[in-house]
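Engineer: A structural model of the following input is requested.
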Amino acid sequence: MQLSDYDQLNPVQRERLKGLEVHPEQQLHAGAIDSALYLLSSANREQIRGLVLLLDGEPCGFMLLQRGLRASWSEPGAATVSALQIDRRYQGRGLWRLCMQALPGWVHGVWPEVERLQLSVDPGNQAAIACYCATGWHDTGNGYPARVGYERRFTFLIGA
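Structural biologist: Numbering: from 1, shown residues only. Predicted coordinates for the structure are as follows:
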């Protein structure tokens, strides 16, 4: 398992990334890969990065990392994580947990001034919440408005 900046992918890997298959209920929360890649295509790399989860060189997951473009629920100095998706063909292998464990080190290497990571997750997404809790993330309050109430904001302190 390897985390790679989208910009480092070869053309074949970029094309395969477009074929990520995400369960429809997960796509409801994470959005479509095409939308995330479109946002990334016009972004300033100092503010937005695409991070790809590779397994034996094959793209099997993706997320957007943003800083300087604060979400209404994020804290100053935080990088936010969004558009998290893992291909359904790779789910259940513990890859997302490994990815979440490697993420703080990757962010620190690219944006050393970032002190914390934050994300917003639907309170009904118990699998994601369990993964975040198991990898050192903490529930720190409300995130985006959800279908009912608010999503939960999770924070990971880098270097803590």
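
Engineer: hey, let's count contacts and neighbours off CA atoms from now on
Structural biologist: Will do.

Engineer: which strands or helices does the helix or strand of the chain with the lowest mean pLDDT pack on?
Structural biologist: Ranking every helix and strand in the chain by mean pLDDT, DSSP states H and E puts helix 24-30 at the bottom, with a mean of 73. In terms of contacts (3 or more C-alpha pairs under 8 Å, 6 or more residues apart in numbering; DSSP states H and E), helix 24-30 is packed against strand 78-86.

Engineer: partner strands of the strand it packs on, parallel or antiparallel?
Structural biologist: Strand 78-86 has the following strand partners under DSSP bridges: strand 58-66 (antiparallel), strand 116-121 (parallel).

Engineer: show the average pLDDT along the first one.
Structural biologist: If you average the pLDDT over strand 58-66, you get 95.

Engineer: who touches it?
Structural biologist: With contacts defined as C-alpha atoms under 8 Å, 6 or more residues apart in numbering, strand 58-66 is touched by 13, 16-17, 20, 36, 47-54, 79-87, 90.

Engineer: quick one: buried ones out of those?
Structural biologist: 13, 17, 20, 36, 48-54, 79-87 (16 or more other C-alpha atoms under 10 Å).

Engineer: ranges for the helices of the protein?
Structural biologist: Secondary structure of the chain by DSSP state H: the helices cover 11-17, 24-30, 33-41, 95-110, 126-134.

Engineer: now the third one, how far from the chain's geometric center?
Structural biologist: Read that as helix 33-41. Here helix 33-41 is found 13 Å from its chain centre; the criterion is C-alpha atoms, centre = their mean, to the nearest Å.

Engineer: the last one too?
Structural biologist: Relative to the centre of its chain, helix 126-134 is centred 13 Å away, using C-alpha atoms, centre = their mean.

Engineer: quick check: Asp34 touching Lys18?
Structural biologist: Yes: Asp34 lies in contact with Lys18 (C-alpha atoms under 8 Å); the separation is 6.7 Å.

Engineer: hmm, back to that, save the strands paired with strand 78-86 as a markdown table, and put in distance to Ile158 and mean neighbour count too.
Structural biologist: Formatted as a markdown table, those follow (distance: least, C-alpha to C-alpha, whole Å; neighbours: other C-alpha atoms under 10 Å):
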| stretch | distance to Ile158 | mean neighbour count |
| --- | --- | --- |
| strand 58-66 | 14 | 23 |
| strand 116-121 | 5 | 24 |
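
Engineer: alright, that wraps it up for me.
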